[in-house]
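Asks: Can you look at this prediction? I've put the sequence above it.
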Amino acid sequence: IIGITVSKDENFPAWYQEVVLKADMVEYYQEISGFFVLRPLAMHVWNEIRKWFTAHIEGMGVDEVSFPLFLSSKSLEKEKDHVEGFAPELAWVTKAGDKDLEVPVAIRPTSEAVMYPYYSKWIRSHRDLPLRLNQWNSVVRWEAKQTTPFLRTREFLWQEGHTAHLTEDLAGKEVLEILELYAGVYEQLLALPVVRGRKTENEKFAGGYYTTTVEAYVPTNGRGIQGGTSHCLGQNFSKMFDITVEDPGNKGSHIHVWQNSWGLSTRVIGVMVMVHGDDKGLVLPPRVAKVQTILVPVGINKSTTPGDRKNHEDQVAEIRATLKKAGVRAEADWREGYTPAWKFNDWELKGVPLRLEFGPKDAAKEVVSYARRDTGEKGTIPIADVGAKVTELLEIIQKDMYSKAETSFREHRLKITKWGDVLPALDDKNVVLIPFCLDGKCEDRMKELTTRVDDQPDVPENHKLPSMGMKSLCIPFDQPAGDELVPGETACLNPECKGKAQSWVMFGRSY
Ligand SMILES: O=C(C[C@H]1NCCC[C@H]1O)Cn1cnc2c(c1=O)CCCC2
Ligand SMILES: [Mg+2]
């Protein structure tokens, strides 16, 4: 059996790597480390997301564009103050053929510096606002850290939206609209719950004004993971790139436009694998599964007469046609030389949400047998109802997967009012909501205070608790109820901090 050889709880990183490889989602690019091949199963998920997101932003008046892959050091210079921290991640082209380039060019790690000189050229009057452009592309960031498929790769697919507005309010409104769409990608398509909030000063995009984020949760190790970001850039970039309009209310004077930028990447696929997968492999939410239902013929063997075999094939083909007509992505597995049991394992490994078995016994009862991938529940469906029942079953699976993940996240998001409870909570795979003063130095200190120093000498490698300290994940828009925190009065939870708490902030060990 080609199944998964390591259990998810035993060794999560090894489990994850095996699942994405054996489920045919991805291939390591042997030639250069840190790069991966995205195969049809993964691309189907990305394309479902792209279709859904595109339909929504088109409705908002966002246009699609395609800017060049390369940027010059000159335009990079303009945003040097916040890029210098990222400089080690830039990949440069220095030669063409056997000739050195006069001026080396960088491969885009993101496209602000590529796009904004043209924003400056195109945006003259307030009538040119709002300008709303998005591009689907790939970017390169030469990560120094260990890479892993989808979650941290040196090249990744994403969309990057870049918009310009006349006022802070107009920009701010869009920031939240886009963030809500990112939450929708997770909650509607990937069956994943997210917490919406704002990043602290430490965690926001340094070049921006403020960052909003959707944060997901990985139950297996209790870590938070950033799922998508929608930034208000304020006027920072319009000042760097001289993007102004004449003030409609005051002829002769100019306003620097207010900008947003927002991005969602193929990291979302990694989050989906980590949260939903199990020891048999992938578990795909039906909305994004390439194959939603697999029909496996059973009960046919060497003694089956050709007539019965033909009859059986026709019946399976008819069931499949009915499912296709009902809008279900259904396939039939006619591979010879493999037992039904082998086929069941293979499709479970690939995460197909629903399996249908059909053999002479089922035919005699005019039913088809089903098995859900998420719960393993089995049952039968009258052939006459197969179109409607399978559609309904797939919706139930989608909802159940979401609510299972939502319950798990909610139960592991603990409100903490005593500093001594923080580390035990983190070690018990929780993220925490704590009263926090919002000061960056205080946040740094809490990271240090929660970094495990002993490396647990007598604990086997894959059972060691993560040792990294907790980072702030976001300031949730939905602040927890309860009067334990009176902003400006309640003490910040950091025992060394003299400051007053401003809000509940979600902290956790994170990716
Ligand atoms: O990319 C962004 C901001 C923004 N870019 C567009 C999409 C949304 C959002 O990610 C932040 N950022 C992250 N990483 C890097 C850079 C960088 O600006 C620039 C240098 C290389 C690494
Ligand atoms: Mg980075």
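Replies: Yep, that arrived. Ligands and ions are numbered 1, 2, ... in the order given.

Asks: Run the chain-centre distance for the least confident helix or strand in the chain by mean pLDDT.
Replies: Across the helices and strands of the chain, mean confidence by mean pLDDT, DSSP states H and E is lowest for helix 80-83: a mean of 76. For helix 80-83, the distance between its averaged C-alpha position and the chain's averaged C-alpha position is 27 Å (Cα atoms, centre = their mean, to the nearest Å).

Asks: Could you list the alpha-carbon positions for that helix in CSV?
Replies: What follows is the C-alpha trace of helix 80-83 in CSV, where atoms were taken according to Å, rounded to 0.1, in the frame of the first residue of the first chain:
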residue,chain,number,x,y,z
LYS,A,80,14.9,51.5,0.2
ASP,A,81,14.1,52.2,3.9
HIS,A,82,11.8,49.3,4.3
VAL,A,83,13.3,47.1,1.6
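
Asks: So which bits of that helix are buried?
Replies: For helix 80-83, burial by neighbour count (16 or more other Cβ atoms under 10 Å) applies to Val83. C-beta here means a position set from N, CA and C on the backbone, and glycine is covered the same way.

Asks: Which positions in the stretch 251-400 of the chain make contact with ligand 1?
Replies: 261-263 (Cβ under 6 Å from any ligand atom).

Asks: Turn the residues you listed into TSV, including neighbour count.
Replies: Below are those laid out as TSV (neighbours: other Cβ atoms under 10 Å):
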residue	neighbour count
Ser261	26
Trp262	26
Gly263	20
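
Asks: does any part of the least confident helix or strand of the chain sit near ligand 1?
Replies: Yes. Legend: contact between helix 80-83 and ligand 1 by Cβ under 6 Å from any ligand atom is shown at Val83.

Asks: Next: stretch 99-106.
Replies: No. Stretch 99-106 is not in contact with ligand 1 by Cβ under 6 Å from any ligand atom; minimum separation 8.7 Å.

Asks: oh, and call the first residue 51 from now on, that's how I've got it
Replies: Sure thing, new numbering starts at 51, so read that last one as stretch 149-156.

Asks: and that stretch, which residues are buried?
Replies: Within stretch 149-156, the residues that qualify as buried are 155-156, counting by 16+ other Cβ under 10 Å.

Asks: from the chain's centre, how far out does it sit?
Replies: Once both centres are worked out by Cα atoms, centre = their mean, stretch 149-156 turns out to sit 35 Å from its chain's centre.

Asks: For ligand 1, see how far away the residue nearest in space to the middle of the chain is.
Replies: The geometric centre of the chain, computed from its C-alpha atoms, lies nearest to Val318 (Cα atoms, centre = their mean), at 1.8 Å. Using Cβ to the nearest ligand atom, to the nearest Å, one gets 14 Å for the distance from Val318 to ligand 1.

Asks: circling back: nearest to ligand 1, of the residues of the stretch 301-450 of the chain next to ligand 1?
Replies: Nearest to ligand 1 out of those is Gly313 (Cβ to the nearest ligand atom; 2.9 Å).

Asks: and the closest one, helix, strand or coil?
Replies: With DSSP: H, G, I helix; E, B strand; the rest coil as the basis, Gly313 sits in strand.

Asks: Need the nearest residue in space to it, chain neighbours excluded.
Replies: Nearest in space to Gly313, with sequence neighbours left out and distances taken as Cβ to Cβ, 6 or more residues apart in numbering, is Glu210 at 4.8 Å.

Asks: wait, that neighbour sits on Asn310?
Replies: No. Using Cβ atoms under 8 Å, Glu210 is not in contact with Asn310; the gap is 11.1 Å.

Asks: So for the two, which sits in the more crowded spot?
Replies: The neighbour count for Glu210 versus Asn310, taken as other Cβ atoms under 10 Å, is higher for Asn310 (27 against 21).

Asks: May I ask which helix or strand encompasses the more buried one?
Replies: Using DSSP states H and E, Asn310 maps to strand 308-315.

Asks: Tell me the strands beside that strand, with direction?
Replies: strand 205-215 (antiparallel), strand 273-284 (antiparallel) (DSSP bridges).

Asks: if we can go back for a sec, dump the residue contacts of the residue nearest to Gly313.
Replies: The neighbourhood of Glu210, defined by Cβ atoms under 8 Å, 6 or more residues apart in numbering, consists of 160-161, 184-185, 187, 189, 311-313.

Asks: Of the residues you listed, just say which sits nearest to Glu416.
Replies: Distance from Glu416 was checked for each of the contacts of Glu210 by Cβ to Cβ. The minimum falls on Asn184, at 50.3 Å.

Asks: ok so, going back, now pLDDT too, for the contacts of Glu210, in JSON lines please.
Replies: Putting the contacts of Glu210 into JSON lines (pLDDT from 0 to 100) gives the following:
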{"residue": "Thr160", "pLDDT": "95"}
{"residue": "Ser161", "pLDDT": "96"}
{"residue": "Asn184", "pLDDT": "98"}
{"residue": "Gln185", "pLDDT": "98"}
{"residue": "Asn187", "pLDDT": "98"}
{"residue": "Val189", "pLDDT": "98"}
{"residue": "Ser311", "pLDDT": "98"}
{"residue": "Trp312", "pLDDT": "98"}
{"residue": "Gly313", "pLDDT": "98"}
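
Asks: ok now do His281, which residues does it touch?
Replies: Remark: with contacts taken as Cβ under 8 Å, 6+ apart, His281 is in contact with 225, 254-255, 258-262, 310-312.

Asks: These, buried ones only, as a ChimeraX selection?
Replies: In ChimeraX, the members of the contacts of His281 classed as buried (16+ other Cβ under 10 Å) are selected with the following command:
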select :225,254,255,258,259,260,261,262,310,311,312
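
Asks: picking that back up, could you dump the strands paired with strand 308-315 into a markdown table and include distance to ligand 1 and mean pLDDT?
Replies: Shown next, in a markdown table, are these (distance: least, Cβ to the nearest ligand atom, whole Å; pLDDT from 0 to 100):
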| stretch | distance to ligand 1 | mean pLDDT |
| --- | --- | --- |
| strand 205-215 | 4 | 98 |
| strand 273-284 | 6 | 97 |
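
Asks: Nice, that's everything, thank you.
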